[in-house]
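In: Okay, sequence plus prediction incoming.
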Amino acid sequence: MSATPRTPIPLGLDEPLPMTLPRLADKRRLHEPIVMVTAYDHPSARVAEQAGVDVVLVGDSGAMTVLGHPSTIPVTIEEMLMLAAAVRRGLRAPLLVVDLPFGSYEASDELAITTAQRFVKQAGCDAVKLERGGTSAQRARAIVDAGIPVMGHVGLTPQTATALGGYRAQGRTAERALAVAREALELERAGCFAIVLEAVPAPVATAITQRSSVPVIGIGAGAGTDGQVLVLHDLLGIHDGHVARFAKRFADIRAQMVAGVAQYAAEVRERTFPGPEHCYSIDERELEAFLAGLP
């Protein structure tokens, strides 16, 4: 697979500037909320681009949302590369981040660096994201030292949800909240340019954000973070699976999709589609010659 670089943006007054790590840091400093969405394909990327979001994440949640798996665990590097490359081709200005899938970075620094390099070189990603502190913070440091930006993720970490007791809020006791804060600080010290806090009580997330020196982006973490991230399929009501309580639906696109396909099916069965306006014509003489030439 060849690299898929960011499409060059011509200089112009109406052209959006590409999002960069310094610009992201400036948004935190200026208290400008950061808008991030998770997307998995070219059409979704175009929607995110035209809506003016700051960051697009190709999440391993695509394993469930678009590939039909019961969790994020089965998704492969090759599948994530395919999704990330499709999103890259649809983006110009937003920063593109990709999740390192389960099993692709935990074993060693060398493995983590190699995997991250593949996503930058083959899919054109600007940065990678990994979950948890501890050894993951060590892997983050190695990737950053190799010249690739890293976003951290703490709180509810889907790749290790079983160890956390399932898909449930984290940090609801002082002990667990302190553990989440320590992991966030570990990742920050490792050189992560931003941290995602997922499913953490709002006061805990606010306190962590106030003590952080990098942008903190929340998902189910209240309004006190530097920005918010939601899955595009959740916020648009496309996905029909379980939806977390923090995933507000801003539209109900799936209902419209079902209605549209049902209307199509009805018109086909009624033989009202296609109509004359959907058909191509042929000159009458050419048609006669064609029919005459048929065996």
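Out: Good, I have the coordinates.

In: What ranges in this protein fall below the confidence cut-off?
Out: Residues of the chain meeting the criterion pLDDT under 70: 1-14, 160-167, 241-242.

In: Which stretches in it count as helices?
Out: In the chain, helices defined by DSSP state H lie at 21-29, 42-51, 62-65, 77-90, 109-123, 135-145, 174-189, 202-211, 232-235, 253-269, 284-293, listed in chain order.

In: which other helices and strands contact the fourth one?
Out: When contacts are defined as 3 or more C-beta pairs under 8 Å, 6 or more residues apart in numbering; DSSP states H and E, helix 77-90 packs onto helix 42-51, strand 55-58, helix 62-65, strand 95-99, helix 109-123. Glycine gets a C-beta too; all of them are placed from N, C-alpha and C.

In: Show residues contacting the longest one.
Out: When you say that, I think you mean helix 109-123. Helix 109-123 is contacted from outside by 1-4, 77, 80-81, 84-85, 88, 98, 100, 104-106, 125-126, 128, 130, 138-139, 142-143, 146, 148, 150, using C-beta atoms under 8 Å, 6 or more residues apart in numbering.

In: and that helix, which residues are buried?
Out: 109, 111-113, 115-116, 118-120, 122-123 (16 or more other C-beta atoms under 10 Å).

In: Could you do the fourth one as well?
Out: Taking 16+ other C-beta under 10 Å as the basis for neighbour counts, the residues of strand 95-99 that come out buried are 95-99.

In: Next up, the contacts around the closest residue in space to residue 39 that isn't next to it in sequence.
Out: Distances taken as C-beta to C-beta, 6 or more residues apart in numbering place residue 232 nearest to residue 39, at 4.7 Å, with adjacent residues excluded. Shown in contact with residue 232 (C-beta under 8 Å, 6+ apart): 37-39, 44, 47-48, 238.

In: where's residue 232 relative to residue 47, distance?
Out: The spacing between residue 232 and residue 47, counted by C-beta to C-beta, to the nearest Å, is 7 Å.

In: repeat for residue 169
Out: In terms of C-beta to C-beta, residue 169 sits 29 Å off from residue 47.

In: Could you check which of the two is surrounded by more residues?
Out: Higher neighbour count among residue 169 and residue 47: residue 169, with 19 against 16, using other C-beta atoms under 10 Å.

In: The more buried one touches residue 198, doesn't it?
Out: No - assessed by C-beta atoms under 8 Å, residue 169 is found out of contact with residue 198, at 9.0 Å.

In: Need the residues touching each of those two.
Out: Contacts common to residue 169 and residue 198, judged by C-beta under 8 Å, 6+ apart, are 156, 220.

In: Number of residues surrounding residue 70?
Out: Per other C-beta under 10 Å, the neighbour tally for residue 70 reads 9.

In: tally of neighbours for the residue nearest to it when sequence neighbours are not counted?
Out: Nearest non-adjacent residue to residue 70, counting by C-beta to C-beta, 6+ apart: residue 64, 6.9 Å away. When neighbours are defined as other C-beta under 10 Å, residue 64 has 21 of them.

In: Residue 64 against residue 72, yeah?
Out: Yes - using C-beta under 8 Å, residue 64 is in contact with residue 72, at 6.7 Å.

In: burial count for residue 147?
Out: That count, for residue 147 with other C-beta under 10 Å as the rule, works out to 10.

In: re earlier: looking at the helices of the chain, which is closest to residue 277?
Out: Each of these has some distance to residue 277 by C-beta to C-beta; the shortest is helix 253-269, at 13.0 Å.

In: Return the distance of residue 289 relative to residue 280.
Out: Distance of residue 289 to residue 280, computed by C-beta to C-beta: 17 Å.

In: Which of the two has more residues huddled nearby?
Out: Neighbours were counted for residue 289 and for residue 280 using other C-beta under 10 Å; residue 289 has more, 10 against 4.

In: dump the residue contacts of the more buried one.
Out: Here residue 289 is in contact with no residue (C-beta under 8 Å, 6+ apart).

In: domains for this protein, by residue range?
Out: 21-251, 256-293 (automatic domain parsing).

In: I'd like to know which of those is closest to residue 15.
Out: Between residue 15 and the domains of the chain, the shortest separation by C-beta to C-beta is 8.1 Å, and it involves domain 21-251.

In: one step back: got a PyMOL select line for the buried ones in the contacts of helix 109-123?
Out: For the buried members of the contacts of helix 109-123, the matching PyMOL selection, counting by 16+ other C-beta under 10 Å, is:
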select buried, resi 4+77+80+81+84+85+88+98+100+104+105+106+125+126+128+130+139+142+143+146+148+150
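
In: list the contacts for residue 46?
Out: Residue 46 makes contact with residue 90, according to C-beta under 8 Å, 6+ apart.
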